[in-house]
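J.: Quick one: sequence and predicted model below, then my questions.
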There are 2 protein chains.
Amino acid sequence: MEKEKTDKKDHILDVAERVFSDVGYDAASTRMISGEAGVNMAMLNYYFGSKEGLLVAVFERKIEVFRTVINNIGNDESMNAWDKLEKCIDSFIDKVVVNSCFSRLMNREIWLGRRSELTDKLSDIIMGNVNEFKRIFDEGISTGIFHKDTDVEMAIATIFGTKNYITNSTHLASKLLKRDVNDAEYMEQELKPRIKKYLKQLLNTYLLVK
Amino acid sequence: MEKEKTDKKDHILDVAERVFSDVGYDAASTRMISGEAGVNMAMLNYYFGSKEGLLVAVFERKIEVFRTVINNIGNDESMNAWDKLEKCIDSFIDKVVVNSCFSRLMNREIWLGRRSELTDKLSDIIMGNVNEFKRIFDEGISTGIFHKDTDVEMAIATIFGTKNYITNSTHLASKLLKRDVNDAEYMEQELKPRIKKYLKQLLNTYLLVK
DNA sequence: ACTAATTAATCAATCGCTTGATTAATTTTG
DNA sequence: CAAAATTAATCAAGCGATTGATTAATTAGT
């Protein structure tokens, strides 16, 4: 035997995640997913009830990954707010660039906002990240190392938005940066450090009381 | 007579733009669009050849609007680079928030990147805006009022990305800002000035040589 | 033997698109 | 100017293909 039994559902989820990410929810047909996964079409409904249920399952599998990464960041008592923020940015860029195609899928779904039950679930996940960042900003302000008139919500929009702008469209990003962002070597060795360095420097000058 | 004759195509484009923006390209059916526009289904193909041709037509109609707004910005000799950038940000936020649903449609299409002919066309439009910004940044650097180690591409990603993050999902933005961003009064009187002020302040501290 | 897993076959619905025919508008012709 | 010829605009109907989903039959696991 090559395959374990309980891995079947996970394998379907793997394929579904990739196909959804590649072509979008609407254009991804259940036949396409089942075909690539090497299972019968009816198995999708057998396991996940419906196509939308499959999408939800894809998202739910990642929730705990997101949550755990986030929660472990801001709770270190040995760092001040700025150090936490730097570490946050590092982890965020690392984590989300690796799963950039999933991140795209997530953004597309929340920006379309058609499946409201799912949109609510997704925005809650995102707001989990957002609120963790907000806690750090608030700590920085109350401890006096961040300017007290900092626009926290906009600064958060800048962190997430800047990253999204680079990672959501490899097409556009490659034109902007004049490099192929699909090149894993370039992404890992140059672009990721560049994004991190830039965001830290940008926020450093904006936030910190000199 | 209430309707002019040549306005028929424009009316279809108006409806198509709204429907595409609301539900996305895939989920928008030609029957839905023709029905809402009050024309026979076959007219869409008669006028625009295909559903994708209709989408292209929707985009093409906006190209000159984008182009003209951009080109008139950076060519004022009476301003220095920073003043130009401030004016750019103002115009950009004003223009793109009004057409936020169209902006969403455009972003979704370019982020999906499935219709490559269209994606190329769109990214060219966007790069037109981007390059106009870049020109201003370069001018600021060469005249010595911007830091010469400024990461221009990333700064551009911040301007566009921050705006996108706020306007692409009313759902998420409303949660983040704890206000209903669909409220036109709030958007016009508070949020738009807030975005402008924030972006200017953020870039001021990052860019300007003190 | 009995439950769970898997399959092939099929369902109704909807998709984008095309067709052939009809009407309205415009141009050509005598 | 008016009849004829041509073009443009509009319509109902339906095509083939594909969609997500379901059924009933079969296989595998315990």
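T.: Sure thing, it's come through. Bear in mind the structure is a predicted one, so any value in this text is a computation, not a measurement. Numbering: from 1, shown residues only, chains lettered A, B, ... in the order given.
J.: When you work out contacts or count neighbours from here on, use the C-alpha atoms and nothing else.
T.: Fine.
J.: Would you map the helices across chain A?
T.: Using DSSP state H, the helices of chain A run over A:7-23, A:30-37, A:41-48, A:51-71, A:81-98, A:100-112, A:116-142, A:152-167, A:170-177, A:184-186, A:192-207.
J.: Would you mind checking the average pLDDT for the first one?
T.: Averaging pLDDT along helix A:7-23 yields 92.
J.: Okay, buried residues for that helix please.
T.: A:12, A:13, A:15, A:16, A:17, A:18, A:19, A:20, A:21, A:22 (16 or more other CA atoms under 10 Å in any protein chain shown).
J.: How about residues contacting that helix?
T.: Outside helix A:7-23, the residues that touch it by CA atoms under 8 Å, 6 or more residues apart in numbering or on different chains are A:28, A:33-34, A:36-37, A:47, A:54-55, A:57-58, A:101-102, A:104-105, B:112, B:114.
J.: Keeping just the C-alphas, turn stretch A:162-177 into PDB.
T.: Taking Å, rounded to 0.1, in the frame of the first residue of the first chain, the C-alpha atoms of stretch A:162-177 are listed here in PDB:
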ATOM      1  CA  THR A 162       2.000  46.500   0.700                       C
ATOM      2  CA  LYS A 163       2.600  42.800   1.000                       C
ATOM      3  CA  ASN A 164      -0.600  42.000  -0.900                       C
ATOM      4  CA  TYR A 165       0.300  44.400  -3.600                       C
ATOM      5  CA  ILE A 166       3.600  42.500  -4.200                       C
ATOM      6  CA  THR A 167       2.300  39.000  -3.800                       C
ATOM      7  CA  ASN A 168      -1.200  39.000  -5.200                       C
ATOM      8  CA  SER A 169      -0.200  39.500  -8.800                       C
ATOM      9  CA  THR A 170       3.100  38.000  -9.900                       C
ATOM     10  CA  HIS A 171       2.300  39.500 -13.300                       C
ATOM     11  CA  LEU A 172       2.200  43.100 -12.000                       C
ATOM     12  CA  ALA A 173       4.900  42.600  -9.400                       C
ATOM     13  CA  SER A 174       7.300  41.300 -12.000                       C
ATOM     14  CA  LYS A 175       6.800  44.400 -14.100                       C
ATOM     15  CA  LEU A 176       7.100  46.700 -11.100                       C
ATOM     16  CA  LEU A 177      10.300  45.100  -9.800                       C
END
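J.: May I see the buried residues of that stretch?
T.: For stretch A:162-177, using 16+ other CA under 10 Å, the buried residues are A:162-173, A:176.
J.: can those residues go into a markdown table with extra columns for pLDDT?
T.: Formatted as a markdown table, the buried residues of stretch A:162-177 follow (pLDDT from 0 to 100):
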| residue | pLDDT |
| --- | --- |
| A:162 | 97 |
| A:163 | 96 |
| A:164 | 94 |
| A:165 | 95 |
| A:166 | 95 |
| A:167 | 93 |
| A:168 | 91 |
| A:169 | 89 |
| A:170 | 89 |
| A:171 | 90 |
| A:172 | 92 |
| A:173 | 94 |
| A:176 | 96 |
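J.: For chain B, give me its nearest residue in chain A.
T.: residue A:161 (4.2 Å; CA to the nearest CA).
J.: Let me see the contact set for the nearest residue to residue A:172 once chain neighbours are set aside.
T.: Distances taken as CA to CA, 6 or more residues apart in numbering or on different chains place residue B:123 nearest to residue A:172, at 5.9 Å, with adjacent residues excluded. Going by CA under 8 Å, 6+ apart, residue B:123 touches A:171, A:172, B:110.
J.: Residue A:138 too?
T.: Shown in contact with residue A:138 (CA under 8 Å, 6+ apart): residue A:152.
J.: And for the one 3 residues further on?
T.: If a contact means CA under 8 Å, 6+ apart, then residue A:141 has A:147, A:148, A:150 as its contacts.
J.: mind redoing it with 6 Å?
T.: residue A:148 (CA atoms under 6 Å, 6 or more residues apart in numbering or on different chains).
J.: Please tell me the pLDDT value assigned to it.
T.: 97.
J.: before we move on, what about residue A:158?
T.: 98.
J.: Surely it touches residue B:162?
T.: Yes - counting by CA atoms under 6 Å, residue B:162 is a contact partner of residue A:158 at 4.6 Å.
J.: Next, count neighbours for residue A:60.
T.: Here the number of neighbours of residue A:60 (other CA atoms under 10 Å in any protein chain shown) works out to 14.
J.: separation between it and DNA strand D?
T.: Applying CA to the nearest atom of the strand, to the nearest Å, the value for residue A:60 to DNA strand D is 18 Å.
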